[in-house]
Structure formats: C-alpha cells, structure tokens
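Q: Give the three-dimensional model of this entry:
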Amino acid sequence: MPIDNLETLGTVLFRVALVAAAAVAALHALFTKRDPKSALAWVAICLLIPFFGPLVYLIFGINRVAEKAQETYLARSPEDTSESIQEPAGTKLRPLSLVGESVTGFGLRSCDNIKLLENGENLYPAMIADIEAAADRIYLCTYIFQNDTTGDSFVNALCRAQDRGVDVRIIIDGLGGMAYPPVIGKKLRKRGLNYKQFNPITLLPPSLHINMRNHRKIMVVDGKAGYTGGQNIGDRHLVKKSHNPKCARDLHFRLTGKIVDEFERAFLKDWNHCVGTTEKAIYSPSNTNRTESDVWTRLILDGPNENLDKLNELLVGVFSLARKRIWIMTPYFLPGFDLLGALVAARLRGVDVKILLPERTNIHMAHWAAQHNLKHILARELQVYSQPAPFIHTKAILIDEEYVLVGSANLDPRSLRLNFELGVEVFNKSFAVEISRYFQSMLEAANLLTEQQLMARPRWKRNRDAVAWLFSPYL
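A: Down below sits the predicted model:
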C-alpha cells in the first residue's frame, strides 16, 4: 500500500479513535452523574474538546472514591446477636425515629447516661480518668493526635494502662495524623503501644487514599464508657490556655449503656480494616438494652464504602419531619440541594431554622466556598448566625423537643460523601434542653448575617469565594 494511503488510513483511524473516546466518556458521564448540570458540562467537554476532553474527564470526572473504598474496606463488623428496639414502650418517638431505622436497618439502643463535655479542659481529664481506671481494654480512634502537652498526657496514661495488662489499641487517620507535625506515631511505636494508621499516606509503594479519611472520634473503655464528638486530641481544644490563638471550642460526649457496644463494634470494624482482617467474628456485648431507659440512641456509620449516603439521607428525612425548630451548629456548611431544599421547606411550613457558623474557620478554601454559598442560603430567608473567635468546631443538630444528632460529621460534601464518619441520634427531652441552652448561649455572642453584609465585601473577595466554591465537592 502506498505511503500516502497509509498516512490517510492512520489519520482516519486516529480520528475514529478520538470520536469513540469522546462518545464513551460522554456516555459514561451521562449515565453516572447524579446532577444534570454536572452531566451536561462533562458531556460538552468530552464532545467539544478532542482528546483533552475525555482525558480530563478520565482524570477528574470519574468518581473512584466509592469504588475504591468498597474494594479496599472489606472489614466486617463483629456480629452482635442482641436485638435493638424499634419503638420503646411508653415513648412517642416516631416518625422521627423511623428515619434512622430505615437508613440503618436497626432500631434503638438504650443509654444509661450521656454527659456533655465542653472543650479540652472538661474532656481530657474525664478521658484520662477512665483510662487510668481501665482494667481490660481501651480502644481509641481519632483523626488528629497531636504531639504536644495534651498528646503526651494521653500517651503516658495509655502506657500505664498497657503496663498493667490492659489491651490498648489506637487508630489515627493516615492524613489527619500528619496535619500537625511533628507527628506522634514514632513516639507511640517507641513506647510500644499498639497503634495503627487508617489508610496511611505512602509514596513507596504509592497509596494515596486522600479522599478516604477516617474522621470518626471514638474511645471505649472496658466496654462500659464510650466517648464521641468533634474533639481531637491536642492543645488546640484548650480554650483557656494562654498563648493559644488558634484554639477551637467544641463538644464531646461521654455515654454509658447499650450504645457503647455499638461504639466498640464500630472501632473493631475499623481496626479489622487496618490490620487486614475480613472474616466475621462473634461479638460479646458488655451491656443490655434496658427497656426502661429514658434515653434512646442510635449509631449511624457512614463512609464512601457504603452504597447509601446514610447521614445525608438521615438529615433530609429528619429535616422534613421537623415541626417546631431545626437548630444547626457546624463549622463547615456547604449543603447539597437536597439538604437545602429540606431546610427551605421547613421554613415555609413555619419551622424555626437557625444555623450557627464560625466567623472564621481553620481551612481557608472551605471558608471562602461557604461564604459564596451563603448568599444562596440567605436569599431563601434562612437565619444564619456568625460566631466570633474562638473558632467553633462543634457539630450538633437539634430538632423539635427531643431529638439531637451529634458526632464527627460536618455539613459539607467531604463529610457526607468522602469521609468515614459517625453520628449519634439521641432521643431525650432533658438532653435536648441541655443542647438548646448551649446553643442559645452561643447565639448571645453571634451576629445575624444579611445579604447586604455579604455583598458589601470587596469585589476581589467575592470573586475569590466564587472560585473556591467551584472546588467545594473536594474541600
């Protein structure tokens, strides 16, 4: 065949390959994207920009997080044969309690006591006291474990526990553990503590699981006391400490009762993932589900390994059922259209919707994106309050008179889609009153935001915020 004909054939085949690649990429976007605007944008890029369009989609457009998480997170929960209770006798928790039951497939667990612990000044002494009293096992999972004075106090207490025969296990997220150098992992290993990283970040061999972070905070002692909330371990949560300008106010909770078994099973599932165990195991619960309990709870575990965005589905459901109030306290607020729609619908039917945010956050890009998003939220007449420094890291949602959701998750795409998170539903009027009072105390120092305030900012700031907002799914 003449050379000219070969060149022509090669050109034709190359063009056919380009068209085929564009068509395949466009069809993939069409059938996999949940947002029609996103699907339309990717289809246009793939079809209108030869070669580079499909290449950019291959790198940035395909959501590999869920697929990768389901492939790598093969650990199985230890099985607890004790049954949950769907509708405790003498209660009127439905229909709110039905939402979490539908999302998780489980009923409620009793809680003997739940104690609110504000900031490190109240939390850390309580945690260390339980560590010092431990006789059998201590399971600790945290996103950040700082190598500072607070971190040292925990390391020393955990070493003393291990020296007296207590089974001590520690999980620190592979990325969160690197957030505040010098990292504490080397010290934990040197002291002989049983420490694992969750999805460690390594270059050789490459394992860059950037988007599969364990943001959960759990500590279980002897199967009897369980801790969870928003606080990590470090001096940052000591708000009364002098020369601590970047301190963070936050809440944590100490719980006892049947719910602690759920914390322990959640920890063991993550531990099995860290050590590579995939076989099922029978779990021996330490607590009973007391039918006469005054406090009822449910643990919601969420992560990219799940087929359902459980926390997002839960929030849409309970927001839609609210009749009197929805009070939200969160450091990062970038709700999706479904959550925002549920909040707007609640306001339209007369529900008191209040959203309390920090004036400044510790992640600049997330803060800028949230500022841009706020104009859409305020345009829908939702009440948003700005809390001056120190930075509020608290995550708590109060609905009506006896429903509270606490835990580790923020109301942003990273928490609700990309991270391994947990939430705890609490059904109890007294606890709801306590959270309500805390919320009101924060509101006293907060400022109600207006659209005029947002638009009065310099144009360059508004442009910066709009650009940051484009990356909000990954912040």
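Q: where does the stretch 151-300 of the chain have low pLDDT?
A: 204, 206-209 (pLDDT under 70).
Q: Strands along that one, start to end?
A: 167-173, 194-198, 218-221, 225-229, 248-249, 251-256, 295-302 (DSSP state E, counting those that start in this stretch).
Q: Show me the strands in the stretch 351-475 of the chain, by range?
A: 352-358, 383-387, 391-392, 396-399, 403-407, 421-427, 447-448.
Q: Now tabulate the ones you listed in a markdown table and tack on mean pLDDT, distance to Ile377 and mean neighbour count.
A: To be clear about C-beta, it is placed using only N, CA and C from the backbone, and glycine gets the same treatment. Shown next, in a markdown table, are those (pLDDT from 0 to 100; distance: least, CB to CB, whole Å; neighbours: other CB atoms under 10 Å):
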| stretch | mean pLDDT | distance to Ile377 | mean neighbour count |
| --- | --- | --- | --- |
| strand 352-358 | 97 | 8 | 21 |
| strand 383-387 | 96 | 6 | 18 |
| strand 391-392 | 92 | 18 | 22 |
| strand 396-399 | 98 | 16 | 24 |
| strand 403-407 | 98 | 20 | 25 |
| strand 421-427 | 97 | 22 | 25 |
| strand 447-448 | 95 | 13 | 12 |
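Q: before we move on, back to that, please produce TSV containing the strands of the stretch 151-300 of the chain, extended by mean neighbour count and distance to Ala41.
A: Shown next, in TSV, are the strands of the stretch 151-300 of the chain (neighbours: other CB atoms under 10 Å; distance: least, CB to CB, whole Å):
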stretch	mean neighbour count	distance to Ala41
strand 167-173	23	32
strand 194-198	20	34
strand 218-221	25	39
strand 225-229	25	38
strand 248-249	23	36
strand 251-256	22	39
strand 295-302	24	27
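Q: Let me have the ones you listed in TSV, adding distance to Leu123 as columns.
A: Formatted as TSV, the strands of the stretch 151-300 of the chain follow (distance: least, CB to CB, whole Å):
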stretch	distance to Leu123
strand 167-173	17
strand 194-198	21
strand 218-221	10
strand 225-229	8
strand 248-249	12
strand 251-256	5
strand 295-302	19
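Q: measure Phe263 to Val344 for me?
A: 34 Å (CB to CB, to the nearest Å).
Q: Of the two, which one has the most company?
A: Remark: of Phe263 and Val344, Phe263 carries more neighbours, 24 against 15, as counted by other CB atoms under 10 Å.
Q: Residues in a beta bridge with the closest residue to that one other than its chain neighbours, which ones?
A: Among residues not flanking Phe263 along the chain, Gly226 sits closest, at 4.0 Å (CB to CB, 6 or more residues apart in numbering). Beta bridges link Gly226 to Val220, Leu255, judged by DSSP bridges.
Q: show me what contacts Gly226?
A: 218-220, 254-256, 259-260, 263-264 (CB atoms under 8 Å, 6 or more residues apart in numbering).
Q: ok, now Phe319?
A: 326, 339, 342-343, 345-346, 399.
Q: so Met219 makes contact with Cys141?
A: Yes - Met219 lies in contact with Cys141 (CB atoms under 8 Å); the separation is 7.5 Å.
Q: Pretty sure Ile392 is one of the things Met329 touches, is it not?
A: Yes - judged on CB under 8 Å, Met329 makes contact with Ile392 at a distance of 7.0 Å.
Q: Give the residues shared as contacts by the two.
A: With CB under 8 Å, 6+ apart, Met329 and Ile392 have common neighbours 356, 442.
Q: Just the pLDDT at Glu67, thanks.
A: Looking at Glu67, its pLDDT stands at 67.
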